[in-house]
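Chemist: Please work out how this folds:
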Amino acid sequence: MELEFGGFQIVVLIAFLVVAVALVAIFTVVALQARRNVEFELVTETGYRLRRYWLAFLALLLTTGVVVSLFFLPYPSSADSAATVRVSGGLFYWSMSPQTVPAGSEINFDVTSADVNHGFGIYDPDGVLIGSVQAMPGYHNELDLTLDKAGTYMIACLEFCGFKHHEMIREFEVTP
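Modeler: Residues are numbered from 1 along each chain as shown. Predicted structure coming up:
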C-alpha cells in the first residue's frame, strides 16, 4: 500500500473525525442516562462486566496502531547499495561531494560539521522537507533517502548557528 504523504494525512484526518464523532456520541448517551436514578450495585456490576471488553478493545487498538505504524517507519530496509554523498556544514556554508545524483537511486548522506551544530534539512523541488539530521562536529550522522523526482533540491540549516544562519542554503541537482 503506497500512499503519498498528503493522502496519508487525509486518511489520518478521516480516522480522527470518526473517532471524535463516536466519542461525542458515547458521551452524549452517558450524559443522558446519568439523569435517571440507578442502583449502585447495578452500576458496579455493569462496570465490572464492561471493563473486560474495554481492556480488550484498548489492547487491540494499541496493537493495531503499533503494527500499522511499523510500515511507515522512516528507516530504509537496506542502505548497502546506496551511493554516499559526503556533506559538511560550516559557518555559513554547506559543502557536498558529489554535487549531482541520479534520480531514483538510494542516497546515503554522510553529514558532519566543521565547527558548531547545524540542522541539515533537504527540500525537494516543490519545497517540501523530505529529510533532516543533525550535523555535529566530530560525528558523522547518516540520512538515507531515495530521491525519485529529478530537479533542483535545496539544503538548508534548520538549527540557529549564528548571525548568517538564514544564508546557509545550498542547491544540488538530481538528474533524470
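
Chemist: Do you know the pLDDT at A83?
Modeler: Looking at A83, its pLDDT reads 86.

Chemist: Ok, V101 next?
Modeler: Value for V101, per-residue pLDDT: 90.

Chemist: pretty sure it contacts T84?
Modeler: No - distance between V101 and T84: 10.3 Å, which falls outside the contact criterion (C-beta atoms under 8 Å). To be clear about C-beta, it is placed using only N, CA and C from the backbone, and glycine gets the same treatment.

Chemist: what ranges of this protein fall below the confidence cut-off?
Modeler: Counting by pLDDT under 70, the chain contains low-confidence ranges at 1-6, 74-81.

Chemist: if you set the cut-off to 50 instead, what comes out?
Modeler: 1, 79 (pLDDT under 50).

Chemist: Which parts of this structure belong to which domain?
Modeler: Domain segmentation of the chain under automatic domain parsing yields 5-70, 83-175.

Chemist: and the ones you listed as CSV, adding mean neighbour count?
Modeler: Converted to CSV, the domains of the chain look like this (neighbours: other C-beta atoms under 10 Å):
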stretch, mean neighbour count
domain 5-70, 10
domain 83-175, 16
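
Chemist: related to what we said a few turns ago, can you check which residues contact both of V101 and T84?
Modeler: I107 (C-beta atoms under 8 Å, 6 or more residues apart in numbering).

Chemist: thought Q99 was touching E173?
Modeler: Yes - proximity of Q99 to E173 meets the contact threshold set by C-beta under 8 Å, at 7.2 Å.

Chemist: contacting residues for the residue nearest to E167 when sequence neighbours are not counted?
Modeler: Using C-beta to C-beta, 6 or more residues apart in numbering and skipping the chain neighbours, the partner closest in space to E167 is F92 (5.4 Å). With C-beta under 8 Å, 6+ apart as the criterion, the residues that contact F92 are C157, C161, G162, K164, H165, E167, M168.
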